[in-house]
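J.: Sequence below, structure please.
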Amino acid sequence: MFIPFNYDQINIVEGTYTPSPVKNCNNITFDFWVRSLFERAQSSIIFDLPDFWQGDVMDFWYYCLYKRGFLGVSDLTKIDREDAQRIGMCFNPVGLNGQGFYYQPTDAILSNPMLDDSLELKINEEIAIVKLTPCYMGIWDIIELYAERLSNLDNAINMSIINNKFAYILAGKTKGAVAALKKMMDKINQGIPAVFIDQRVMDDQKSKDTPFQFLQRENLKQSYLTTDQLMDYHTILNDFDAEVGIPTVPYQKRERETEYESKSKIADGLARILTWKRCLTSSLANVNRLYPELNITFSLRWENEFGEINNDRIQQLSEKNA
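T.: Numbers count the residues shown, from 1 in each chain. Below is the predicted model:
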């Protein structure tokens, strides 16, 4: 079983969750959806990082921005400490301290196991902050909200699939009647077009009544909820995509959706990510001003080569994915 690195801390948080009978987060499907939605959200923003920050290091870049909401970029060779100079140019999660005229943080506290002691660095002088959102928060609350909904729905879909399997319910008064029913069902399931039984089996010797009982499930189609639940599953995913900047066309409305509704959905899917773009553009400008050799850039998945949102391309890809 996969055990997170900070398992003890996670166990304390989850163990004190109330109400205790409802385990919305303490299950495998919740962990699956958190991982799935995190990877899905990453597809919206494409970063161009230096070569020495590719691969696993880039994975950590995305994790810091999406989980914590911000990170610090600094050249530690300029710090008068041997342990810092050994690390050099780096990025890392940091703590924020101080308050400027516009109530923005003025200092960043960098702590890392590779450092002998924490560093307090001046923002925009010794370190630059890259933030994803205006409030210095990540999007993990969005990921966990929709992961919880999808996890609960997964359980309902599994129950629905099991409960809606059609089966005959037959009852016999005697062991002989039950054996006859089993034999008849075996022959029917073999594809035999007609099954013949002794007429005497149909009469009970004591009560003179039929020894067989048949219980039928009424309104099976009306109680079949799986199709509706699967539609809700796609609706929740579409809502999540709209939150993280993946414009989609709801598949249940494609045939009767007007052009205005389609464009409104595109605008809805871009609303939040355009705010994130503004924050990233501003903060990366500070990074590149302080450390021009990095030249970090990014683009949205739906932008063209001129940095413009291509609505036609969005419509084409979203309809293809729907």
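J.: Could you report the distance from residue 274 to residue 247?
T.: Distance from residue 274 to residue 247, counting by CB to CB, to the nearest Å: 12 Å. C-betas here are computed from N, CA, C, even on glycine.
J.: more neighbours, the two?
T.: residue 247 (26 against 12; other CB atoms under 10 Å).
J.: Which helix or which strand is home to the spatially most central residue of the chain?
T.: Centroid-nearest residue in the chain: residue 37, 2.2 Å away (criterion: CA atoms, centre = their mean). Assigning secondary structure by DSSP states H and E places residue 37 in helix 28-42.
J.: thinking again about what came up before, what's the per-residue pLDDT of the residue nearest to the centre of the chain here?
T.: Per-residue confidence at residue 37 stands at 95 (pLDDT).
J.: check contacts around it.
T.: 143, 146-147, 150, 240 (CB atoms under 8 Å, 6 or more residues apart in numbering).
J.: Run through the strands of the chain in chain order.
T.: 45-48, 70-75, 89-92, 95-97, 107-110, 119-122, 128-131, 169-172, 212-215, 297-300 (DSSP state E).
J.: Please convert those to JSON lines, extending it with distance to residue 55.
T.: As requested, those are exported to JSON lines (distance: least, CB to CB, whole Å):
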{"stretch": "strand 45-48", "distance to residue 55": "13"}
{"stretch": "strand 70-75", "distance to residue 55": "17"}
{"stretch": "strand 89-92", "distance to residue 55": "14"}
{"stretch": "strand 95-97", "distance to residue 55": "27"}
{"stretch": "strand 107-110", "distance to residue 55": "22"}
{"stretch": "strand 119-122", "distance to residue 55": "26"}
{"stretch": "strand 128-131", "distance to residue 55": "19"}
{"stretch": "strand 169-172", "distance to residue 55": "58"}
{"stretch": "strand 212-215", "distance to residue 55": "61"}
{"stretch": "strand 297-300", "distance to residue 55": "17"}
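J.: who wins for proximity to residue 179 among these?
T.: strand 169-172 (7.9 Å; CB to CB).
J.: got the buried residues for that closest one?
T.: Within strand 169-172, the residues that count as buried by 16 or more other CB atoms under 10 Å are residue 172.
J.: Quick check on the closest residue to residue 72 other than its chain neighbours: phi, psi?
T.: Leaving aside its sequence neighbours, residue 72 sits nearest to residue 94 (CB to CB, 6 or more residues apart in numbering; 3.9 Å). Residue 94 has phi and psi values of phi -130, psi 160 when expressed as degrees, to the nearest 10.
J.: Does residue 94 touch residue 108 like I think?
T.: Yes: between residue 94 and residue 108 there is a contact under CB atoms under 8 Å: 4.2 Å.
J.: Overlap in contacts, the two.
T.: By CB under 8 Å, 6+ apart, the residues touching both residue 94 and residue 108 are 72, 127, 129.
J.: And the residues you listed, which of them are buried?
T.: Using 16+ other CB under 10 Å as the burial test, these include 72, 127, 129 as buried.
J.: okay, now the residue lying closest to residue 275 once chain neighbours are set aside: neighbour count?
T.: Excluding the flanking residues, the one nearest residue 275 by CB to CB, 6+ apart is residue 134, at 6.8 Å. Neighbourhood size, residue 134 [other CB under 10 Å]: 12.
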